Every structure is written in structure tokens, then in C-alpha cells.
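Undergrad: got a predicted structure plus its sequence, pasted below:
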Amino acid sequence: MAHGFGLAQGFIKKPSHALIFGLLMFGAGLFVSISNWRQLQNLPAQPTLIDITQAHEVYQSKTDAPLWVSLQNSKWDCDSLRSNSGKDEETEIIATDSNQSIIVLVNYSDSLTCEEIVQNNPIGYLTEMTERRIKIFTTSGKFNLSKYPEVDQYFDLCAYCGPTNSGIGVVIGAFVSVGGLLLYPLSRRRYNKRFSQ
């Protein structure tokens, strides 16, 4: 709080700093809004129904839009479930194909049991893990991966991500951009009011 107050005072004393910071805010907000708007324009009306064995093929053919899917025929590893019921509720669980050659790490924003999860196909944004992400995932010790010696494909599924999140991103980006545009004139006004007396 004190840091924020000090920053505001700095902008009042030197409006040129507010101008630079405001332009950065405007650019960042505009980028976020445009990126999320493009995502919304390219998303289908409904999530794409895919078998977990099709994950790699479908992901390779995706467009610039996030791959919004409903993942079917998953084999759930209930022993892998990691749930946090504290302030930031979250649940992670591993899903595989029947041959256990594909792993999808599914992430929920709620505290769920395995029984609750297996009743519904997970829906969300699917992304293929990068080499760096795979290394972090496989060496963290968070999950027992020794039971999956044949895995050659790794994916993340954000089960709380979808069109609503992209819409929120558009709104947040717009607010940041407007705030950036207003920062300099407001600081200049306060500067003139303070130092013209």
C-alpha cells in the first residue's frame, strides 16, 4: 500500500514518468485485449469432442485459437490426485489413454474428489507440454510416474479455462489500456494544481 502511494506521488512530481508508464500500460492492455479477442473469434460454438488418443493429432492441426476440447475415454489415475481445499482451491489429476502412452495432467480450480471427476469428461484448453515443461513435470516428484514407462506424449488440460476466461481477458486488457491513457493527464493535472500554488 505504501509502495503504491509512493509511486503515485512520484508520478505527480514527475508527470513524464507517468507518461512512459502509462504508454507501457496501454500497450500491455491492448495486447491482452486483442489476443483474447482473437481467441474468442476463432473458438467454436462448442468444445471439440476428442478421444484422448487423438490429442497429439488434433493439437498439431490446431489454429491460433486455443484448443477447446472435451476429453473422452480417459483412464483416470485416482492415486495421482492432488487437491488443495485452502484459500486457493485446486485439483490436479493424471489421465491417460488405455495403453498409458499419453499423459494429460488435468487441472481444476475447485477441490474435487476422484469420484466427482470421473463422472464427467473434462472440458478446457488443451496444450502440449514443451520439453522444459515435461522436465519440470517428470522431475518434480509430485506424481508417481514410475508406473508409466511407455509414455511418449504429455499434455496439460486447463479445465477451468474457456471462452469466459478469454472474455474476462478482453475486459481486463481494456481497463488497463484506459488506465494507461488516463495516467498522464491525471498526473499532469495534480502536478499543475500542487506546484502552481
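TA: Nice, I can see it.
Undergrad: how many neighbours does the closest residue to Thr53 other than its chain neighbours have?
TA: In space, and not counting its chain neighbours, Thr53 is closest to Asp97: 4.9 Å by Cβ to Cβ, 6 or more residues apart in numbering. Any C-beta I mention is one placed from the backbone N, CA and C, and that applies to glycine too. Using other Cβ atoms under 10 Å, Asp97 has 19 other residues around it.
Undergrad: Asp97 and Gly29: what is the separation?
TA: Noted for Asp97: a distance of 41 Å to Gly29, by Cβ to Cβ, to the nearest Å.
Undergrad: returning to what we had before: is it correct that the residue nearest to Thr53 is in contact with Gln72?
TA: No - with contacts counted by Cβ atoms under 8 Å, Asp97 stays clear of Gln72, the gap being 10.8 Å.
Undergrad: so what sits against both of those two?
TA: Ile52 (Cβ atoms under 8 Å, 6 or more residues apart in numbering).
Undergrad: quick one, domains of the chain?
TA: Following automatic domain parsing, one gets these domains for the chain: 2-40+178-195, 44-161.
Undergrad: lowest average pLDDT across the ones you listed?
TA: Lowest mean pLDDT within the domains of the chain: domain 2-40+178-195, a mean of 67.
Undergrad: how about the closest residue to Phe143 other than its chain neighbours, what does it touch?
TA: Distances taken as Cβ to Cβ, 6+ apart put Ser80 closest to Phe143, at 5.1 Å, once the chain neighbours are dropped. Shown in contact with Ser80 (Cβ under 8 Å, 6+ apart): 92-94, 143-144.
Undergrad: quick one: the helices in the chain?
TA: Counting by DSSP state H, the chain has helices at residues 2-13, 15-42, 55-60, 114-118, 131-139, 163-195.
Undergrad: give the buried residues for the fourth one.
TA: Residues of helix 114-118 classed as buried by neighbour count (16 or more other Cβ atoms under 10 Å): 114, 117.
Undergrad: what lies in contact with it?
TA: Here helix 114-118 makes contact (Cβ under 8 Å, 6+ apart) with 76, 78, 81, 91, 93, 106, 108.
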